[in-house]
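Undergrad: got a sequence here, can you build the structure:
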Amino acid sequence: MPMYFAEIYNQWRSRRGAQRQPGQALPRTVYALGATSLLTDVSTEMVASVLPVYLMLALHLSPAEFGVADGLFRGGAAVAALLLGGALTYGSGRSKLIAGAGYAMSVLAKLALLASGTFAAIVACLALDRMGKGLRAAPRDTILAASVPSHQLGLAFGTHRAMDGAGALAGPLLAAGLLWLAPQQYTLLFLVALAFAVAGIAIFGRLVPATAPAFQSATAPAARERLSLRAHWQRCLPPACRKLLAAAMLLSLFTVSEGMIYAQMQQSFALEPYMQPLLPVGTAAAFLLLAAPIGWLADRAGRLRVFLGAHIVLLPLYGLLCGAAGATPPVWQAAGLVLLLGCYVAATDGVLMAAVAAAVPPAARSMSLALFAAGIAAAKLASSVLFGLLWDRYDVNGAVLVYGAGLLCALALFALFNPLRLAGLPAQLLPETP
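TA: Numbers count the residues shown, from 1 in each chain. Next up is the predicted model:
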C-alpha cells in the first residue's frame with residue numbers, strides 16, 4: 001500500500017501546474033472494483049474483529065484450537081488458492097470469471113458460518129473464505145491494470161487500496177456497534193456481514209466488465225511461452241528471490257498473529273465483548289497514518305531494510321505483550337501494543353511485494369507475487385498453530401518468550417550473513433543513488 005501512495009504523489013507532482021487533459025478521470029471499473037473490495041472487506045473484518053472473543057469466550061475453544069482457526073483465517077487455506085488464481089489468470093482471458101468465483105466463495109463461507117457451531121464447521125467456513133480471497137486476488141488486479149493506461153496505474157491501484165482500507169476500518173466499527181446494541185448476538189452480526197458480502201458481489205457482477213477493450217492489449221499478460229517447468233521456475237523465482245523468500249518465511253514463522261495478540265489483550269485488559277472489534281480499528285488507523293511516511297522511507301533507505309526493521313519493532317511489542325499478562329496493566333500499554341502492531345503492518349504490507357515486483361521480469365510478476373504471498377501465508381499458518389500449542393501447553397508468556405528468542409535468532413542470521421549484500425539481490429531492491 002505505501003508504494004501506491006508514493007506513485008499517486010509522484011503522478012500529482014509531475015502534473016502540477018499542467019492543464020487537465022480530457023480522459024484523465026479514472027474509469028468506472030476502478031471505482032466498481034473499489035466498491036466491491038470495500039463492501040467485501042467490511043464483511044470480512046466484521047468477522048475477523050470478533051473472531052478471538054467469539055471462539056474463545058462464546059464457543060470456549062482452547063488456545064491451541066484457536067491457533068488452528070486463526071492460522072487458517074490469516075492465510076493458511078489461501079496458499080493453494082493464491083497459486084491457483086495466479087496460474088489460471090495468466091494468459092487465460094477469464095479474469096472476471098475467476099475473480100467472481102473467489103468472491104462467491106467468500107459469500108458462501110459467511111452463509112455457512114450462520115449454521116456452524118462446532119470447531120470443525122467453523123474451521124471449514126474460515127478455510128473457504130480464505131480460499132476465496134486467495135483465488136480472486138490475481139484476477140482482480142489483472143482487471144484493474146487492464147482498465148487504465150500505464151501512466152494511471154499508480155492512481156488506479158492507490159484509489160482501489162484506499163477504498164479497501166476504508167472497508168477495513170468500517171468493518172470493526174460496525175461490529176462493535178452491533179455488539180453494543182445487541183450483546184452476544186453473533187448470529188445477527190454474521191447475517192449483516194453476509195449482506196455486505198452479497199452487496200459486494202452484486203456490484204462486481206453488474207458494473208465490472210469482463211474486459212477493458214481500450215487498454216487490454218497494452219496491459220494483458222503475454223501468451224504463455226513454451227518453456228520447461230525449470231525455466232518458468234527460474235523466471236518467477238530467481239536464486240536471489242528464493243533466498244529472500246526463505247528469509248521472509250523464517251521471520252514470519254516467529255511473528256505472533258494479530259488475532260493472537262488481540263485475544264491476549266482481551267483477557268489481560270478484561271475488555272467487554274463489544275470492545276474487542278475496536279482493537280483492529282486502532283491498528284488499521286495506525287497503518288493508514290504510517291503507511292505513506294514508511295513508504296517514502298523505504299524508497300530512499302531500501303525496501304528490504306525497512307522490511308527487516310519492521311521485525312525489529314516486534315521485539316518491544318513482545319515485551320509489552322508479556323507485561324500485559326500481569327494484573328491490571330495500564331492503558332498506555334494497550335495503546336503501545338496497537339501502535340507497534342500498526343507500524344509493523346505498515347512496514348511489511350506492500351513493502352516486500354514492491355521489492356519483489358522490481359526484481360523480476362514483468363511477464364513473471366503475477367506468479368512471483370503469488371509465490372511470495374503463498375509462502376508467507378504458509379509460514380503464518382504454522383506460526384499461529386505453534387503459538388496456540390505453546391500457549392495451551394505453558395502460558396502466553398512462555399509462548400511469547402519462545403517467539404522472541406526465535407525472532408532474535410532469525411535477525412541474528414540476517415546480521416551474520418548480510419543477505420542485502422550476499423544474496424545477490426538486484427539493484428532495484430537497494431536504495432537508488434542520487
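
Undergrad: do a quick rundown of the helices in the stretch 251-400 of the chain.
TA: Shown for the stretch 251-400 of the chain, the helices assigned by DSSP state H, counting those that start in this stretch span residues 258-268, 278-301, 303-323, 331-348, 351-359, 365-393, 396-417.

Undergrad: indicate which one of those is closest to Leu250.
TA: Comparison of those against Leu250 by Cβ to Cβ identifies helix 396-417 as nearest, at 4.9 Å. In short, each C-beta sits where N, CA and C put it, glycine included.

Undergrad: ok, and for the closest one, which residues are buried?
TA: Of all the residues in helix 396-417, those buried under the rule 16 or more other Cβ atoms under 10 Å are 396-397, 399-400, 403-404, 406-407, 410-411, 414.

Undergrad: who's in contact with the residue nearest to Gly388 when sequence neighbours are not counted?
TA: Nearest non-adjacent residue to Gly388, counting by Cβ to Cβ, 6 or more residues apart in numbering: Gly67, 1.9 Å away. By Cβ atoms under 8 Å, 6 or more residues apart in numbering, the contact set of Gly67 is 260, 384-389, 391-392.

Undergrad: would you check how far apart Gly67 and Val30 are?
TA: Relative to Val30, Gly67 is positioned 38 Å away (Cβ to Cβ, to the nearest Å).

Undergrad: ok now stretch 397-406, how far from the chain's centre?
TA: Distance of stretch 397-406 from the chain centroid (Cα atoms, centre = their mean, to the nearest Å) equals 24 Å.

Undergrad: pull the CA atoms of it into CSV?
TA: Extracted as CSV, the C-alpha positions of stretch 397-406 are listed here (Å, rounded to 0.1, in the frame of the first residue of the first chain):
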residue,chain,number,x,y,z
ASN,A,397,4.3,-15.5,28.5
GLY,A,398,6.1,-18.8,27.7
ALA,A,399,4.9,-18.7,24.2
VAL,A,400,5.9,-15.1,23.6
LEU,A,401,9.4,-15.8,25.1
VAL,A,402,9.9,-18.7,22.7
TYR,A,403,8.8,-16.5,19.8
GLY,A,404,11.0,-13.6,20.9
ALA,A,405,14.0,-16.0,21.1
GLY,A,406,13.2,-17.4,17.7
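
Undergrad: now it: average pLDDT?
TA: If you average the pLDDT over stretch 397-406, you get 91.

Undergrad: and the most centrally placed residue in the chain, what's its pLDDT?
TA: Nearest residue to the geometric centre of the chain (Cα atoms, centre = their mean): Asp349, 6.4 Å. Listed pLDDT for Asp349 reads 70.

Undergrad: any regions of the stretch 1-150 of the chain where pLDDT drops low?
TA: 1-24, 57-58, 70-93, 116-119, 145, 150 (pLDDT under 70).

Undergrad: that one: helices as residue ranges?
TA: Ranges of helices in the stretch 1-150 of the chain, per DSSP H, counting those that start in this stretch, are 2-14, 28-53, 63-71, 78-89, 95-115, 119-146.

Undergrad: as JSON lines, those with distance to Arg242 would be great.
TA: Below are the helices of the stretch 1-150 of the chain laid out as JSON lines (distance: least, Cβ to Cβ, whole Å):
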{"stretch": "helix 2-14", "distance to Arg242": "22"}
{"stretch": "helix 28-53", "distance to Arg242": "31"}
{"stretch": "helix 63-71", "distance to Arg242": "24"}
{"stretch": "helix 78-89", "distance to Arg242": "16"}
{"stretch": "helix 95-115", "distance to Arg242": "27"}
{"stretch": "helix 119-146", "distance to Arg242": "20"}
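
Undergrad: among the ones you listed, which is nearest Leu237?
TA: helix 78-89 (12.2 Å).

Undergrad: where in the stretch 301-434 of the chain is pLDDT low?
TA: 324-329, 350, 354, 357-358, 362-366, 417-434.

Undergrad: give me that answer again for 50
TA: Confidence mapping of the stretch 301-434 of the chain against pLDDT under 50 gives the ranges 421-434.

Undergrad: nearest to Gly200, out of the helices of the stretch 1-150 of the chain?
TA: Across the helices of the stretch 1-150 of the chain, Gly200 has its closest neighbour in helix 28-53 (3.5 Å, Cβ to Cβ).

Undergrad: quick check: buried residues in the closest one?
TA: Burial within helix 28-53, assessed by neighbour count using 16+ other Cβ under 10 Å, is assigned to 29-53.

Undergrad: list the helices and strands that helix packs on?
TA: helix 63-71, helix 95-115, helix 119-146, helix 153-181, helix 186-207, helix 258-268, helix 278-301 (3 or more Cβ pairs under 8 Å, 6 or more residues apart in numbering; DSSP states H and E).

Undergrad: quick one: the residue nearest to Ala334 when sequence neighbours are not counted from Asp395, how far?
TA: Spatial nearest neighbour of Ala334, chain neighbours left out: Phe269 (5.7 Å); criterion: Cβ to Cβ, 6+ apart. Using Cβ to Cβ, Phe269 is found at 17 Å from Asp395.

Undergrad: compare those two (neighbour count), which wins?
TA: Using other Cβ atoms under 10 Å as the criterion, Phe269 and Asp395 rank with Phe269 on top: 17 against 13.

Undergrad: isn't the more buried one up against Leu337?
TA: No - with contact defined as Cβ atoms under 8 Å, Phe269 and Leu337 do not form a contacting pair (9.7 Å).

Undergrad: how deep is the closest residue to Ser37 other than its chain neighbours tucked in, by neighbour count?
TA: Once flanking residues are discounted, Ser37 sits nearest to Asp164: 4.2 Å by Cβ to Cβ, 6+ apart. When counting by other Cβ under 10 Å, one arrives at 17 neighbours for Asp164.

Undergrad: next: Leu314.
TA: 22.

Undergrad: verify the stated contact: it with Thr255.
TA: Yes - between Leu314 and Thr255 there is a contact under Cβ under 8 Å: 6.5 Å.

Undergrad: which residues are in contact with each of the two?
TA: Shared contacts of Leu314 and Thr255, counting by Cβ under 8 Å, 6+ apart, come down to Leu407.

Undergrad: contacts for stretch 382-391 next, please.
TA: Outside stretch 382-391, the residues that reach it (Cβ under 8 Å, 6+ apart) are 62-68, 70-71, 74, 76, 252-257, 259-260, 398-399, 402-403.

Undergrad: give me the buried entries from these.
TA: For the contacts of stretch 382-391, a burial check counting by 16+ other Cβ under 10 Å picks out 63-68, 70-71, 74, 76, 252-257, 259-260, 399, 403.
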